[in-house]
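In: predicted coordinates and the sequence they were generated for:
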Amino acid sequence: MDAKELRSKKAPELADELVKLRKEQFSLRLQRATGQSPKPDQFTKVRRNIARLKTIMREARTRSAGENK
């Protein structure tokens, strides 16, 4: 997942991607809790992708708010 790629998407697509990442994060936590061992770096990757996505969503929101003034 690349920042350029995310910036080219519309708001509903970004929201869908966020839901997908949250489900993946939940799945990883569930795997860890049930004794399966997911790769430890996956937690970090998913968490950072969520942060990246939320940052881009906020940038888009502030950009659209600035255009409406």
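Out: Here it is on my side, so go on.
In: let me see the contact set for residue 38.
Out: 28, 31, 32 (Cβ atoms under 8 Å, 6 or more residues apart in numbering). For the C-beta atoms, the positions are set from N, CA and C on the backbone; glycine is no exception.
In: try residue 50
Out: Contacts of residue 50 (Cβ under 8 Å, 6+ apart): 18, 21, 22, 25.
In: buried subset of the contacts of residue 38 as a PyMOL selection?
Out: Per 16 or more other Cβ atoms under 10 Å, the buried members of the contacts of residue 38 correspond to this PyMOL selection:
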select buried, resi 28
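In: which ones among the contacts of residue 38 map onto helices?
Out: Counting by DSSP state H, the contacts of residue 38 place 28, 31, 32 in helices.
In: before we move on, back to that, among the contacts of residue 50, which one sits closest to residue 10?
Out: The closest of the contacts of residue 50 to residue 10 turns out to be residue 18 (Cβ to Cβ; 13.0 Å).
In: of the contacts of residue 50 - the most surrounded one?
Out: residue 21 (20 neighbours; other Cβ atoms under 10 Å).
In: look up how far residue 40 lies from that one.
Out: Distance of residue 21 to residue 40, computed by Cβ to Cβ, to the nearest Å: 18 Å.
In: would you point out which residue is most central in the protein?
Out: Of all residues in the chain, the one closest to the mean position by Cα atoms, centre = their mean is residue 50, 2.7 Å from it.
In: okay, and the helix or strand of the protein with the least pLDDT?
Out: helix 3-7 (a mean of 87; mean pLDDT, DSSP states H and E).
In: tell me the helices and strands packed up against it.
Out: With contacts taken as 3 or more Cβ pairs under 8 Å, 6 or more residues apart in numbering; DSSP states H and E, helix 3-7 sits against helix 40-68.
In: contact partners of stretch 12-22?
Out: Applying Cβ under 8 Å, 6+ apart, the set of residues contacting stretch 12-22 from outside is 1, 6, 9, 46, 49, 50, 53, 54, 56, 57, 60.
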